[in-house]
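Novice: Quick one: sequence and predicted model below, then my questions.
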Amino acid sequence: METYEYSDLKYLEEKNNFFKKLLFQSPDLIFQFNLPKKGKLHFSFLSKSVITHFELAPHEKSNDAITVLKSRILPEDYLGFLQSIHESRLHREWIHEFRAVLPIRGLRWYKATATVCSNEDGSVDFYGKVTDITAYKEQELRLKLSEQRFLFALEASSEGIWDLDVKTQKVFYSSQSMKMLEFEAKDTIDSIDMWDNRVHPSDKEQYLVDIQLHINNVTPYYENAQRVLTQSGDYKWILSRGKIIERDARNRPLRIIGTHTDISVQKEKEKVLQQTVEIVGAQNSRLLNFAHIVSHNLRSHSGNIKMLLDIISEESDEEIIRESFTHLRSSSHALTQTIDHLKELVEIQTELIHKRENLNINTFLGKTLDILAEEINKNKVVIKNNICSEQTITFNPAYLESILLNFTSNAIKYSHPERRPVISYSMVVKNSQKILKIRDNGLGINLERHGKKIFGMYKTFHKNQDSRGIGLFITKNQIEAMGGTVAVQSQVGKGTTFKIYFNE
Amino acid sequence: MSKFKEVFVVDDDKVFHFIIKKLFTKNNIEINPSFYLNGLEAIETIKEKIDQGTSLPDLILLDINMPIMDGWQFLDEFRQTRKTKPDEKTVIYLVSSSDSQSDINKAKEYQDQIKDYFFKPMTLEDLQKIF
């Protein structure tokens, strides 16, 4: 047993008083209570700040601890509070969160932390402090609410979320982002490469440039539309957007958060729109071109007619008058033909639904070769027909006839003078699209020079009476009216191949 | 009456050949032009002339829209071909039914080679400008 001198005891008592005073005045909410083995809980010490904070009136201060606690703790939390004290008596520490209702300041949140000490008599002392955590709790609640709102918004929209930790290069991909790539719709943390390696090679450079621009603070946020490879091996157009939300002391990004939006449908629509614009543009320029051809031919024939009439009215030589009449007849015929072409073309353009039938190509080719029999014999043309006798296409019969006639007569007309003309026909199917090829070994066309106007100006100004004049122009319009396209390959001096792509 | 010795008419319209001949006769232009149906026929004759050492035509009435070789291609070819005959002068007029802006603009690109652009039908004033 230890013994103390009187002066030591005096000193300890003074020291104890000093600490008591100090604790009593402390702004922290400091308490000590004792839980006897049998009997009621009572406060051994409450700092002044506890009394003021919990708004205890002078008459309440003398009340027993249970009464005080009951008067302040929210009824729903009261039993839990007592229970946690009882449970902690066997432990070294007591931590408990609870709510209290203060007479003036109303409902508040608290956290009590205490050290638990068992005494020899079986009672237990709790001493520690209470912290007002109302502000923290409110913050937490707001955060929870906004998180719920955010989650709800995410689920409701089809947007995916990504969150990049720049240091580790790990990315949180939300379930929607994973779903876009056709993975199981589950929030995932994976490396940044998981996504980057899927970006289409043609889109990658711009993607990296766009991110860098934002990192360098040039753009307020990052945005890039990219094609991304999905699990099924197809590319999807995804709009990726993001913003740096945390930078280090040297202004380097630490965290970037963003969204993924599937814009495949918009991109598809954009593409269709672009194609439509191109078709309309091409059609427009062809029509303008056609207007020039018509204007040119009308002017040319009507000019001739005027001049011939002048000659006839002034000439006395019978022979010259007779010759003038012959020319007059051919000019008049050419004029009629130009007008017929114009009519034919207007019909193609204004026909809303073009008749379609299942046609045997060989039957139509046979007809064409019959019509051109005289030309074919005269020029000793060799016809090579490689089209299978059963081959059919769904097309407009009048257009098919016109197309075969135009390409064949052109091939004869522009045959090479130094060799026997050979025209071959074949049909191939590529990606379930039928392609008719008509190849000749004629003069060929300088595509570098005439490529753009081959179906327009070039070869369309023949004033020869046997010429169909604007044949190729009409042919192209007929093919396009049926949803098809036509392409040409040619080498000057070697020959020309026309390819007609049908759209059934 | 003509200040030109040799005249080429390059046009694929045979009716125009007949008309121009009559137009010359009617206006006392004593000239017998050579007719060509496209640029290629004309350029081949010109090449033969150079090979034979004979002089080039001093006047060409040139159509624009012709099959096989059009007026513009002819001008390109002729620019190359005539390099061996730098001293000889050939006056070229475009005679066309085309009034399209693109042809008129293109004529400006060739203005070092062509003297004027006449629209068909040719008038007496046009002829007086030439002769």
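Specialist: That came through, no problem.

Novice: Helix or strand: which one has residue A:480?
Specialist: With elements taken from DSSP states H and E, the one containing residue A:480 is helix A:471-481.

Novice: pLDDT on the strand or helix carrying residue A:193, on average?
Specialist: For residue A:193, the host element (DSSP H and E) is helix A:192-196. Averaged across helix A:192-196, pLDDT comes to 94.

Novice: who in the stretch 1-150 of chain A is up against chain B?
Specialist: Counting by CB under 8 Å from any CB of the partner chain, none of the residues of the stretch 1-150 of chain A come close to chain B. No exception for glycine: its C-beta is placed from N, CA and C like everyone else's.

Novice: Point out where the stretch 1-150 of chain A drops to low pLDDT.
Specialist: A:1-4 (pLDDT under 70).

Novice: So which residues of it form helices?
Specialist: In the stretch 1-150 of chain A, helices defined by DSSP state H, counting those that start in this stretch lie at A:6-25, A:48-53, A:58-61, A:65-72, A:75-88, A:134-156, listed in chain order.

Novice: With mean neighbour count and distance to residue A:308 as added columns, please give those helices in JSON lines.
Specialist: Formatted as JSON lines, the helices of the stretch 1-150 of chain A follow (neighbours: other CB atoms under 10 Å in any protein chain shown; distance: least, CB to CB, whole Å):
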{"stretch": "helix A:6-25", "mean neighbour count": "11", "distance to residue A:308": "127"}
{"stretch": "helix A:48-53", "mean neighbour count": "16", "distance to residue A:308": "118"}
{"stretch": "helix A:58-61", "mean neighbour count": "10", "distance to residue A:308": "128"}
{"stretch": "helix A:65-72", "mean neighbour count": "16", "distance to residue A:308": "120"}
{"stretch": "helix A:75-88", "mean neighbour count": "14", "distance to residue A:308": "113"}
{"stretch": "helix A:134-156", "mean neighbour count": "11", "distance to residue A:308": "80"}
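
Novice: In JSON lines: the ones you listed, plus distance to residue A:162.
Specialist: Output for the helices of the stretch 1-150 of chain A, formatted as JSON lines (distance: least, CB to CB, whole Å):
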{"stretch": "helix A:6-25", "distance to residue A:162": "53"}
{"stretch": "helix A:48-53", "distance to residue A:162": "46"}
{"stretch": "helix A:58-61", "distance to residue A:162": "57"}
{"stretch": "helix A:65-72", "distance to residue A:162": "48"}
{"stretch": "helix A:75-88", "distance to residue A:162": "41"}
{"stretch": "helix A:134-156", "distance to residue A:162": "12"}
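
Novice: Bridged to residue A:199, which residues?
Specialist: With DSSP bridges as the criterion, residue A:199 is bridged to residue A:228.

Novice: hey, which helix is longest across chain A?
Specialist: What stands out as the longest helix in chain A, according to DSSP state H, is helix A:264-314.

Novice: got the angle for that helix vs helix A:471-481?
Specialist: Between helix A:264-314 and helix A:471-481, the angle comes out at 150 degrees (axes from the mean of the first three to the mean of the last three CA atoms, to 10 degrees).

Novice: What distance do you get for the residue of the stretch 1-150 of chain A found nearest chain B to residue A:161?
Specialist: The minimum distance from the stretch 1-150 of chain A to chain B, using CB to the nearest CB, falls at residue A:150 (60.4 Å). From residue A:150 over to residue A:161 the distance is 9 Å, taken as CB to CB, to the nearest Å.
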